[in-house]
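S.K.: Following is a predicted model, sequence given first.
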Amino acid sequence: MQYKCIQKKREKMKILYFYCGEGLGHVTPTIAAGRALEKEHEVVYASYGYAREFGIKAGLNVKNVPSEIRLVGNEGRISVSKSIIETIKKTNPAALLKYRTIIKEEKPDLVISDSFMVPIIYAKHKKIPTWIILNQTALDKFFTMHANPAVRALGKLLKRFNFSVLKKADKILVRDFAPPYTVCSQSLIFPKNAEKKIHYLGPLARKQGYEIKVKKEKQRIYSAIGGFGYRSVLLNRIVEVSKLLPNYHFDLVAGPNAIIKAHGKNVTTYGNINDPLPLIKKASVAIVGAGHSTMMDATVLGTPILSAPDIAHFEQESNANGIEKLGLGYRISYETSATKLVSLIKELENSKTVKKKLNFMQKLAKKQDGRKEIARLARELERKSKK
């Protein structure tokens with residue numbers, strides 16, 4: 001049976017929204033988009049792992065599906081070879097049929113996928129409109145620098161598969177500012193003749209600055225460097241920085257199992273925090289990893305960024321480079337010294353140029369609000385389907 005693109009008997013359009021469960025970088029923009037879409041449409045979500053649990057806690061109706069990939073890291077690096085082996089070992093091909101089952105059961109009028117590939121293939125087979133949301137397409141870059149020629153060859157195959165999926169999607173939605181202000185620009189490559197499908201939504205931030213009723217505070221630092229494994233080195237270095245800046249206040253989000261060296265009264269530590277946005281807005285500087293969602297949050301809240309990408313993580317490195325290129329902060333590393341961090345913090349706080357650029361980006365974020373844009377696109381699709 002072929003599904004009709006739009007179920008005309010429904011009062012509302014039904015959207016099935018898949019989002020990747022690796023980390024929290026996909027669930028937070030999904031929450032932003034979903035809350036906007038739910039005002040006019042019925043939305044059902046699908047994900048896995050902690051990201052699925054996070055979505056459920058946020059009030060989303062999230063079905064459970066298997067992961068497409070499994071990422072494995074070691075000492076600050078993503079291990080491509082180990083990730084491939086783990087994906088092959090732990091992924092049950094039969095379990096991937098769950099995507100088809102959910103599509104068949106829910107009978108959606110639109111499938112949206114944040115970084116899932118297989119659901120796009122299934123949905124297009126059923127002639128259902130499909131949109132893919134992303135902030136990176138250059139997935140092969142994780143493979144091309146690998147010493148093993150077999151892994152490099154696999155990168156080429158992945159690029160071909162990725163491009164074939166992008167060609168199938170009806171829309172390719174980039175959750176970032178439109179050029180020339182795209183933070184993730186280095187992570188984006190597209191197949192030929194795909195220009196008409198590509199649409200820059202703007203930031204998919206859960207809240208923008210004008211929606212959070214707290215004021216920015218001088219000499220206040222927000223840090224979201226997890227305290228696990230290799231990241232604990234940088235986390236404890238930030239504690240050193242707090243001792244060098246006793247007149248500053250530090251909000252450290254370090255995870256529930258972080259071991260933090262003794263710190264002073266000017267440091268507040270947090271395990272997991274569901275809504276860090278008020279703390280980010282208050283801060284005069286944010287010291288964070290280089291995940292794309294965090295970059296968007298800090299930018300729309302007008303907070304300069306010191307970003308520490310994981311080693312050899314091409315996408316995070318691209319985000320950190322993008323922030324630095326736009327003049328919104330600096331890329332740092334796990335080796336950056338405490339004295340250097342103090343210097344960079346003071347420079348970002350006192351730079352009129354950085355403040356001017358962040359003010360511009362905040363105004364641009366209000367114009368390019370990804371929540372409003374994805375709602376507009378969905379409204380447009382529904383309207384066209386009823387003609």
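M.R.: Arrived safely. Numbering: from 1, shown residues only.
S.K.: which residues of the stretch 151-300 of the chain fall in helices?
M.R.: With DSSP state H, counting those that start in this stretch as the criterion, the stretch 151-300 of the chain has helices at 231-244, 277-282, 292-300.
S.K.: and after the last one, which helix or strand comes next?
M.R.: Heading C-terminal from helix 292-300, the first helix or strand you meet, by DSSP states H and E, is strand 305-307.
S.K.: where in the chain is pLDDT low?
M.R.: Applying pLDDT under 70 to the chain picks out residues 1-10, 68-95, 139-156, 158, 227-230, 256-259, 387.
S.K.: try 50 this time
M.R.: Within the chain, the ranges that satisfy pLDDT under 50 run 1-5, 71-73, 75-81, 83-89.
S.K.: shouldn't Ser47 be in contact with Glu22?
M.R.: No. Using C-beta atoms under 8 Å, Ser47 is not in contact with Glu22; the gap is 9.8 Å. All C-beta atoms are positioned from the backbone trio N, CA, C, and that covers glycine.
S.K.: between the two, who's got more neighbours?
M.R.: A direct count of neighbours by other C-beta atoms under 10 Å for Ser47 and Glu22 places Ser47 higher, at 28 against 18.
S.K.: Next one: the residue nearest to Phe161 when sequence neighbours are not counted from Thr30, what distance?
M.R.: In space, Phe161 comes closest to Met117 once its chain neighbours are excluded; the distance is 7.3 Å by C-beta to C-beta, 6 or more residues apart in numbering. Met117 sits 16 Å away from Thr30 when distances are taken as C-beta to C-beta, to the nearest Å.
S.K.: Neighbour count for those two, which is higher?
M.R.: Neighbour count, other C-beta under 10 Å: between Met117 and Thr30, Thr30 has more, with 29 against 22.
S.K.: Please give me every residue in contact with that one.
M.R.: Residues counted as contacts of Thr30 (C-beta atoms under 8 Å, 6 or more residues apart in numbering) are Tyr17, Tyr19, Tyr45, Ser47, Gly55, Leu60, Asp114, Leu204.
S.K.: any idea which element it lies in?
M.R.: Counting by DSSP H and E, Thr30 is part of helix 27-37.
S.K.: next one: that helix to chain centre, how far?
M.R.: Counting by C-alpha atoms, centre = their mean, to the nearest Å, helix 27-37 is centred 12 Å from the centre of its parent chain.
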